[in-house]
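Undergrad: take a look and give me a structure for this.
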Amino acid sequence: MTTTTLAVLVPLLPFLGAAAGLLLGGTAPGYARPLAVLPTLASFVLAVVVAVRQGGDAVVDAATELTPTGSIPIELALYIDGFAALVAVLVGLVASCVQIYSTSYLRDDPRYPSYAALVSLFTSAMFLVVYSGDLIVLLVGWEVMGICSYFLVGHYWETPEARAASIKAFLVTKLGDVPFLIGLFALATDAGSFEITKVLGAVAHGGLDHPTVIALLLLAGVAGKSAQFPLHTWLPDAMAGPTPVSALIHAATMVAAGVYFVARLLPVFEASRAAMVVLAVMAAVTMAGSGLAALAQDDIKRVLAYSTIGQLGYMTGALAVADRGAAVFHLLSHGAFKALLFLAAGVVIHAAGTNSLAAMSRMSHLRDRVPDAYWTMTVALLALAAIPPFSGFFSKESVLGAAEHVTTGHAEHTPAAAGWIVLVAGLLTALLTAAYATRLWLLAFHGRGAEAPDHGRQPLPMTAVLWVLAVPSLALGGLTYRTLPDWFDGNDLAPTVTTSVLGTGLALVGVLVVHAAWRHTTTLAARVPLGAVAAHPEGDAGLVEAEAIATHAPAYGDIASAPDPADPGRLLLGPLHRHAAVGFHLDAVYRALFVRPVQGGARLVRFLDREVVDTYVRGAGTLPRWLGTAVRRAQTGNVQTYVSALLAGTVVLAVAVLLVATGA
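TA: Purely as a prediction, here's the structure:
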């Protein structure tokens, strides 16, 4: 088969698996697992073959007109360069691990067939985004991921948290998608094509008439999809969905789509220096704010959610300094260790017997009970904290090194101010990331919370997946940072001395400070159990999660309200803790600025409709109704009454005629 044919099969196979799963899942549930795992695994293998054949040099570029439009054509196009080839491999790897993991995690869930089919459709849509060479076809995959996230986040729809989270994720991302769509049409109008190669060609020849407006409109969609400030608030709440879904969304699909989109169309953004500064500020605020918020969360999955927001900030920061190689390098590295973190968190949730909120203050003695999760999560947290030689160190240092290079003022398309913004925020975030990663590790595996029932050894598919993902989390960066430039733009991705020393030094400071604070707090007070956790019989982790949400989970806005005297985050943040725990009240700001005015306007419209418009309508019908009532009452059916009325009328007419005649 040709490389083009293989590339077409990569998104097609999981799509066919999703269609078959939705059709057969209800009638033949035994086919649900093979239909979920096998097509996704096959797509992963094909993505690897496509990457090997592509080799980082020969771009796969093919297009055929999909439909005539009368103006700008829409084409079914493939454009696979080194970026696309490697990102597709990541998507296939993570999606395959999630599907295998889910066969055990949700083995007794009655809605598993539909869940697995939606995950396959989600995977197919991301493959389409990665391989597409046409912006409209890319938009189709972009939107399919949005609707899949709505259904998957709301998988446990019996719980109000899951319902609210799914609606919030859908609405916030759609809020960004509206200007994103306008920006795509404006871009195609200026460039004369939706095809990415022609758009980039037009940019290279100065063909964009409104580069700043287009770039800012596109950034709104990127901020929503990739959870960047100020449209990031949906991502922590999306933790109400099943843990494997969180791994898929955070590691390889959905949130990675926005970063990948900017990387693919980076020359469009480079055409506007103002847009690059806006991108740098957005990345800086996202990195610093999410790091502080993660340090204040008690729920293990919300810590990881804010961590994802911050790491995506690193990627957008690299794009803000015009180094898409560093951005995609960190995307690949982050995809491996973040998928591992979430899937290990699922094992911890099951072992802790808590709930989807997985309060770390309730965990106790988990190190010996889940050794696989302990060791693999330790590897992933070291990668997250960018401790050498783990993969996160090399990819994060490539971002900081790119920012340092821009600060010298030698970058052609990027202001030095953008470099300083990204560099300072990146170094601060390195400190915060190591701090909250250490805090998570101490509280989750060395905490002294309430004892939970022991569910025994975790299923083999779940633990095997953890060790598979531990390999790239440990070795991906060190083995590839020298060869990846050949796949990307040729920019050097090797760590620089200055940023390596500063970044690693700050990370070690974060580790030591949190460890010292934890020891100090544990000596001052014994751990205070936050309530006994209901025992659950040996069984499925997904059911434990769903039932616990329904019975024990507090409102998401209040998860940090219970004090924990042994929490180092509370000690280090001090009075800032209560603000950071609720995301610095950004949801409250949105409610005040947008939700309440819209609700007030809706109430006003309802009042005008019911009390004003309907009043006139009711009034217009009252007179005919009264006349009809009078006529109805006159129709008694009594002949004597009719004759009497006739005679009375005759008399009245006669008298009237007589009076008229007399008057005349």
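Undergrad: which is the next helix or strand following the helix or strand bottoming out on mean pLDDT in the chain?
TA: Every helix and strand in the chain was compared by mean pLDDT, DSSP states H and E; the lowest is helix 541-552, with a mean of 45. Per DSSP states H and E, helix 541-552 leads on to helix 568-573 as the next helix or strand towards the C-terminus.
Undergrad: by contact count, what packs against the helix or strand following that next one?
TA: Sequence-wise, the next helix or strand downstream of helix 568-573 (DSSP H and E) is helix 577-581. Counting contacts by 3 or more Cβ pairs under 8 Å, 6 or more residues apart in numbering; DSSP states H and E, helix 577-581 packs against helix 273-294, helix 568-573. (Each C-beta comes from the backbone N, C-alpha and C, glycine too.)
Undergrad: comparing these, which yields the minimum mean pLDDT?
TA: Mean pLDDT per stretch puts helix 568-573 lowest among these, at a mean of 89.
Undergrad: what's that one in contact with?
TA: By Cβ atoms under 8 Å, 6 or more residues apart in numbering, the residues outside helix 568-573 that reach it are 292, 295-296, 435-436, 439, 442, 513-515, 517-518, 520-521, 563-564, 577, 580.
Undergrad: filter these down to the buried ones and hand me the PyMOL line.
TA: Typed into PyMOL, the line below selects the buried ones among the contacts of helix 568-573, using 16 or more other Cβ atoms under 10 Å:
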select buried, resi 292+295+296+435+436+439+442+513+514+515+517+518+521+564+577+580
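Undergrad: any chance of the helices and strands packed on helix 577-581 in a markdown table with distance to Leu152 as columns?
TA: Shown next, in a markdown table, are the helices and strands packed on helix 577-581 (distance: least, Cβ to Cβ, whole Å):
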| stretch | distance to Leu152 |
| --- | --- |
| helix 273-294 | 22 |
| helix 568-573 | 30 |
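Undergrad: ok, which of the ones you listed comes nearest Ile100?
TA: helix 273-294 (28.3 Å; Cβ to Cβ).
Undergrad: could I have that closest one exported to CSV, CA atoms only?
TA: Below are the C-alpha coordinates for helix 273-294, written out as CSV (Å, rounded to 0.1, in the frame of the first residue of the first chain):
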residue,chain,number,x,y,z
ARG,A,273,3.8,40.8,16.4
ALA,A,274,0.8,41.9,18.5
ALA,A,275,-0.7,38.4,18.3
MET,A,276,2.6,36.9,19.5
VAL,A,277,2.7,39.1,22.5
VAL,A,278,-0.9,38.2,23.3
LEU,A,279,0.0,34.6,23.0
ALA,A,280,3.0,35.1,25.3
VAL,A,281,0.8,36.9,28.0
MET,A,282,-1.9,34.2,27.7
ALA,A,283,0.8,31.5,28.2
ALA,A,284,2.4,33.3,31.2
VAL,A,285,-0.9,33.9,33.1
THR,A,286,-1.9,30.3,32.4
MET,A,287,1.3,28.8,33.6
ALA,A,288,1.6,30.8,36.8
GLY,A,289,-2.1,30.7,37.8
SER,A,290,-2.5,27.0,37.1
GLY,A,291,0.6,26.2,39.2
LEU,A,292,-0.7,28.1,42.2
ALA,A,293,-4.2,26.5,41.8
ALA,A,294,-2.7,23.0,41.6
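Undergrad: which helix or strand lies directly C-terminal to it?
TA: helix 300-320.
Undergrad: for stretch 306-319, buried residues please.
TA: Quick answer for stretch 306-319 (16+ other Cβ under 10 Å): 306-319.
Undergrad: pLDDT of that stretch, averaged?
TA: 96.
Undergrad: do the same with stretch 136-155
TA: On average, stretch 136-155 scores 93.
Undergrad: follow-up on the earlier one: most packed of the helices and strands packed on helix 577-581?
TA: helix 273-294 (a mean of 23; mean count of other Cβ atoms under 10 Å).
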